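Could you work out the structure for the sequence below:
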Amino acid sequence: MAFAALDLGSTRLKAAILKEDKSFQVWHVPSPRVFGKDPIREMRPKAFLSRLNQLMRMVRVQVKEPLIWGISSQRSTFAVWSGDRFLTPLISWQDRRAIAWCEQHQALASWIWQRTGLKLSPHYMGPKLATLAVSKRADVRFGTLETLLMDRWTQGEMYRAEPSMAARTQLVHLQTGTWDETVAQRIGLPGLNRPTIWPNPQDLPIHGSDRLRTVISDQAAGVLPILKQDASGVLINLGTGGFVLKATDQPSAQPPYLVGPVNARFYALEATLNKIGDLYQSDFPSALPPGFAFPDAAGWGSPYWRPQMKRTYSKGVRGSARSVVGRLGIAFRLFEILQAFQVGQANIYLAGGGSNDPLIGRALATLVGRPIHRLSLQEASLAGVFCEMLEMRFPLLTETIDPDPELTRLETRFPEWQAWVADL
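Model prediction:
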């Protein structure tokens with residue numbers, strides 16, 4: 001038997017084989033194209049399934065023995081289907097069609113946050129299901145990507161959801177980890193044919209002799225390699241979106257931030273930056289232009305929670321200056337969150353594609369006032385799948401990013417940025 005992991009990301013679908021020395025052989029294909037005019041963001045389900053099958057075939061061509069698979073998945077992309085027929089496209093986590101619905105139900109927002117650990121937001125599946133008025137027929141199923149795949153791979157026999165994925169639907173009780181019937185009633189979704197929440201697939205047969213052993217959400221997978229060795233460490237995972245995660249011993253709501261399960265042992269306090277990946281660059285600018293940016297492009301994430309807002313620049317920021325100012329906006333956003341999380345002297349780890357952006361890393365280290373660490377383990381989510389699947393640890397090899405004396409002026413620009421944001 002060989003061990004393989006899938007990472008179902010927004011930009012790329014990735015697969016990896018674990019080698020004896022704990023290194024990976026990695027394959028990838030582009031994720032399906034996202035369609036629709038904002039706030040509608042959809043993908044073609046058959047395109048997703050086709051590309052995933054292509055990726056898994058690429059692995060099987062190289063590995064001539066049965067595979068035990070694990071999955072890390074983006075958390076809020078979902079579909080509705082009946083048998084082999086899709087009733088909706090794949091609706092991306094970036095989709096915000098439920099903006100009006102959330103505004104109409106603001107009276108429930110605080111109560112829902114306390115029950116689920118999540119801000120009432122159009123990014124989550126629950127509000128979007130309410131907007132779609134999904135049928136309660138017994139043949140109609142819905143779910144995030146892992147639920148869809150298990151249903152497809154077992155010809156409908158396995159209709160299940162993994163706990164860290166289900167927790168992101170805004171339909172699960174934070175403390176019990178079960179579907180919250182009261183929330184479902186209050187938001188108009190009683191009686192739906194919901195998947196069973198199940199912690200792992202238990203070596204589910206999927207293709208020939210292949211088995212599916214582990215499913216975990218992408219951000220939970222990303223933070224696991226750290227928490228297994230540095231329980232107080234803080235992960236900043238910079239991909240299509242940005243996520244800041246810190247373990248918490250309080251499985252209770254902590255507004256204006258999010259709380260959810262990582263696995264059976266850990267809960268995490270989480271903050272989000274919504275769609276920032278297009279800003280990353282590999283260069284360090286020769287000069288820092290004036291001006292400010294709020295970098296979130298798919299509705300402002302925590303702690304602001306303004307789903308109708310888009311990426312915003314201050315007056316006069318144009319052309320190439322937008323790239324630099326946008327990257328500084330990411331650093332300011334991250335620093336503000338770290339302050340709110342009261343991280344003290346805890347180690348701060350950067351991961352994901354954005355961790356390679358030299359300006360973001362050096363700006364953040366300068367604002368924090370001490371070195372931070374870029375994980376050499378670039379495929380953190382894939383590593384987290386193997387951590388969960390095999391109860392293993394990976395060496396936390398890091399590159400130190402030191403404060404930059406040339407960027408100390410950012411210490412005065414940060415409060416100016418906060419004042420500018422407050423006026424928007």
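
Going along the chain, name the helices of the protein.
45-62, 99-104, 109-116, 125-132, 145-153, 163-166, 181-186, 218-227, 321-341, 358-368, 380-390, 410-422 (DSSP state H).

could you redo the ones you listed as a markdown table and give each row mean neighbour count?
For the C-beta atoms, the positions are set from N, CA and C on the backbone; glycine is no exception. Below are those laid out as a markdown table (neighbours: other Cβ atoms under 10 Å):
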| stretch | mean neighbour count |
| --- | --- |
| helix 45-62 | 15 |
| helix 99-104 | 16 |
| helix 109-116 | 18 |
| helix 125-132 | 22 |
| helix 145-153 | 22 |
| helix 163-166 | 28 |
| helix 181-186 | 15 |
| helix 218-227 | 28 |
| helix 321-341 | 22 |
| helix 358-368 | 23 |
| helix 380-390 | 26 |
| helix 410-422 | 15 |
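
Any idea which of these gets closest to T240?
Each of the helices of the chain was scored for nearness to T240 using Cβ to Cβ, and the closest is helix 218-227 (10.2 Å).

Can you say which of the helices of the chain is nearest to V26?
Of the helices of the chain, nearest to V26 by Cβ to Cβ is helix 380-390, at 7.3 Å.

Identify all contacting residues around the closest one.
Residues outside helix 380-390 that contact it (Cβ atoms under 8 Å, 6 or more residues apart in numbering) are 3, 5-7, 9, 14, 16, 18, 24, 26, 68, 70-72, 213-214, 216, 218, 220-225, 228, 235, 237, 263, 351-352, 377, 392-394.

so which of the helices of the chain gets nearest I91?
Taking the helices of the chain one by one with Cβ to Cβ, helix 125-132 is closest: 6.1 Å.

What angle do helix 109-116 and that closest one make with each other?
Angle, helix 125-132 to helix 109-116, by axes from the mean of the first three to the mean of the last three Cα atoms, to 10 degrees: 130 degrees.

For the spatially closest residue to D249 that is not a sequence neighbour, give the beta-bridge partners.
Spatial nearest neighbour of D249, excluding adjacent residues (Cβ to Cβ, 6 or more residues apart in numbering): Y267 at 7.4 Å. In this entry, Y267 is beta-bridged to T248, P261, by DSSP bridges.

Quick check: the gap between Y267 and D283.
Distance, Y267 to D283, using Cβ to Cβ, to the nearest Å: 38 Å.

quick one, which of the two is more surrounded?
Between Y267 and D283, counted using other Cβ atoms under 10 Å, the more crowded position is Y267 (21 against 10).

Hmm, that one is touching A253, no?
No: using Cβ atoms under 8 Å, Y267 makes no contact with A253, being 11.2 Å away.

Identify the contacts common to the two.
With Cβ under 8 Å, 6+ apart as the test, Y267 and A253 both reach V259.

returning to what we had before: in strands, which of the contacts of helix 380-390 fall?
3, 5-7, 14, 16, 18, 24, 26, 68, 70-72, 213-214, 216, 235, 237, 351 (DSSP state E).

Kindly state the domain boundaries assigned to this structure.
When the chain is parsed with automatic domain parsing, its domains come out as 2-217, 219-422.

could you give the mean pLDDT of the shortest one?
This means domain 219-422. In this model, domain 219-422 carries a mean pLDDT of 95.

Give me the buried entries from the ones in strands among the contacts of helix 380-390.
3, 5-7, 14, 16, 18, 24, 68, 70-72, 213-214, 216, 235, 237, 351 (16 or more other Cβ atoms under 10 Å).

residues contacting the most centrally placed residue in the chain?
Most central in the chain under Cα atoms, centre = their mean is Q219, positioned 4.9 Å from the mean C-alpha point. Counting by Cβ under 8 Å, 6+ apart, Q219 makes contact with 75, 237, 243, 245, 268, 270.

Apply 6 Å and report the result again.
By Cβ atoms under 6 Å, 6 or more residues apart in numbering, the contact list for Q219 reads F243.

what's the answer for T169, then?
125-126.

roughly how far apart are it and A351?
Using Cβ to Cβ, we find T169 at a distance of 25 Å from A351.

Tell me the spacing between the closest residue to F86 other than its chain neighbours and Q54.
Distance criterion Cβ to Cβ, 6+ apart; nearest residue to F86, sequence neighbours excluded, is P45 at 4.8 Å. Distance, P45 to Q54, by Cβ to Cβ: 15 Å.

repeat for K119
Taken as Cβ to Cβ, the span from K119 to Q54 is 36 Å.

how close does A100 sit to N274?
According to Cβ to Cβ, A100 and N274 sit 18 Å apart.

To clarify, my last question referred to S23.
Counting by Cβ to Cβ - S23 and N274 are separated by 33 Å.

quick one, which of these two is more surrounded?
N274 (25 against 12).

Look up phi and psi at the more buried one.
Main-chain torsions, N274, degrees, to the nearest 10: phi -90, psi 110.

contacting residues around it?
Here N274 is in contact with 241, 296, 298-299, 301 (Cβ under 6 Å, 6+ apart).

Kindly report the same for D151.
Per Cβ under 6 Å, 6+ apart, neighbours of D151: Y159.

And for P195?
Taking Cβ under 6 Å, 6+ apart, one finds 143, 147, 159-161 in contact with P195.

Was I right to think L212 contacts Q202?
No: in this structure L212 lies outside contact range of Q202 using Cβ atoms under 6 Å: 8.9 Å.

Which of these two has more residues huddled nearby?
Using other Cβ under 10 Å, the more surrounded residue of L212 and Q202 is L212, with 25 against 10.

Bridged to the more buried one, which residues?
W69, L204.

for it, what are its contacts?
Taking Cβ under 6 Å, 6+ apart, we find L212 in contact with 69, 201, 204, 206.

where does the stretch 1-150 of the chain dip in pLDDT?
Residue ranges of the stretch 1-150 of the chain with pLDDT under 70: none are present.

Need the contacts of N274 in JSON lines (columns: distance to L410 and neighbour count).
Output for the contacts of N274, formatted as JSON lines (distance: Cβ to Cβ, whole Å; neighbours: other Cβ atoms under 10 Å):
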{"residue": "G241", "distance to L410": "23", "neighbour count": "25"}
{"residue": "D296", "distance to L410": "19", "neighbour count": "26"}
{"residue": "A298", "distance to L410": "25", "neighbour count": "24"}
{"residue": "G299", "distance to L410": "26", "neighbour count": "23"}
{"residue": "G301", "distance to L410": "21", "neighbour count": "29"}
